[in-house]
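# Need coordinates for the following:
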Amino acid sequence: MNRFVIISGCSGGGKSTLLSELDRRGHGVVEEPGRRIVAEELAGTGDALPWVDTAAFARRAIAMSLRDREEAAKRRGWIFFDRGLIDAAAALEYATRTPVVVNYAAERFFRRIFITPPWREIYVNDADRRHTFQDAVAEYERLLTAFATLDYTVDVLPKIGVAERADIVLEHLRLT
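The predicted structure is shown next:
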């Protein structure tokens, strides 16, 4: 059984808050590559920022996600990924209009993907999230397509409190 669980969805849907709750409960968590890359790029040249060069950003996210998987393999128990490899591949596919997602079919994660839907009431922009809510909705739809392409089961998490969302994720894992 694969211990790597993806928490995905559009920007501003509550993923990171859910991951913080899972971490608080003692589970392994891998931070979102995108936020780490933005921080590095803002401290450096800024050439691979998503609003400067989406393809370069996505390529960096893919490389970071592959390293994250390698490091996560050294840990025990369920490991929850805040986005990661498939999200990055979907972003590169969108940026280049070239099929990319299928290239990572062999890099399997747990068969169920937990995804946060667009949630206007909690969506906010910040210095690192500059796109609109409509952009986030389009991203969500691309992700649904990417996960379907790789034959994952997608569980859309309800728009409820973070503790209840974490309970749902953990209950699904207990049932496997």
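# what ranges do the strands span in this protein?
Counting by DSSP state E, the chain has strands at residues 4-9, 28-30, 79-82, 112-116, 153-156.
# Kindly present those as TSV, with separate columns for mean pLDDT, mean neighbour count and distance to residue 71.
For glycine as for every other residue, the C-beta is placed from the backbone atoms N, C-alpha and C. Converted to TSV, these look like this (pLDDT from 0 to 100; neighbours: other C-beta atoms under 10 Å; distance: least, C-beta to C-beta, whole Å):
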stretch	mean pLDDT	mean neighbour count	distance to residue 71
strand 4-9	96	25	11
strand 28-30	97	21	8
strand 79-82	96	25	9
strand 112-116	95	22	21
strand 153-156	96	13	26
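# Quick one: closest of those strands to residue 46.
strand 79-82 (22.6 Å; C-beta to C-beta).
# which other helices and strands contact the closest one?
strand 4-9, helix 15-24, strand 28-30, helix 54-72 (3 or more C-beta pairs under 8 Å, 6 or more residues apart in numbering; DSSP states H and E).
# 6 Å instead?
Packing partners of strand 79-82 (3 or more C-beta pairs under 6 Å, 6 or more residues apart in numbering; DSSP states H and E): strand 4-9, helix 15-24, strand 28-30.
# contacting residues for residue 30?
68, 72, 81 (C-beta atoms under 6 Å, 6 or more residues apart in numbering).
# What is the nearest of the residues you listed to residue 11?
For these, the nearest to residue 11 is residue 81 (15.8 Å; C-beta to C-beta).
# possible to save the strands of the chain as CSV with distance to residue 43?
Converted to CSV, those look like this (distance: least, C-beta to C-beta, whole Å):
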stretch, distance to residue 43
strand 4-9, 26
strand 28-30, 21
strand 79-82, 20
strand 112-116, 28
strand 153-156, 35
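# List the contacts of stretch 104-112.
With contact meaning C-beta under 6 Å, 6+ apart, stretch 104-112 is reached by 2, 4-6, 85, 89, 150, 153, 155.
# Kindly check the end-to-end length of that stretch for me.
16 Å (C-alpha to C-alpha, to the nearest Å).
# Now render the contacts of stretch 104-112 as CSV, adding distance to residue 122.
Formatted as CSV, those follow (distance: C-beta to C-beta, whole Å):
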residue, distance to residue 122
2, 30
4, 26
5, 22
6, 20
85, 25
89, 26
150, 28
153, 25
155, 19
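# Dump the helices and strands packed on strand 79-82 to JSON lines, plus distance to residue 166.
Output for the helices and strands packed on strand 79-82, formatted as JSON lines (distance: least, C-beta to C-beta, whole Å):
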{"stretch": "strand 4-9", "distance to residue 166": "10"}
{"stretch": "helix 15-24", "distance to residue 166": "4"}
{"stretch": "strand 28-30", "distance to residue 166": "11"}
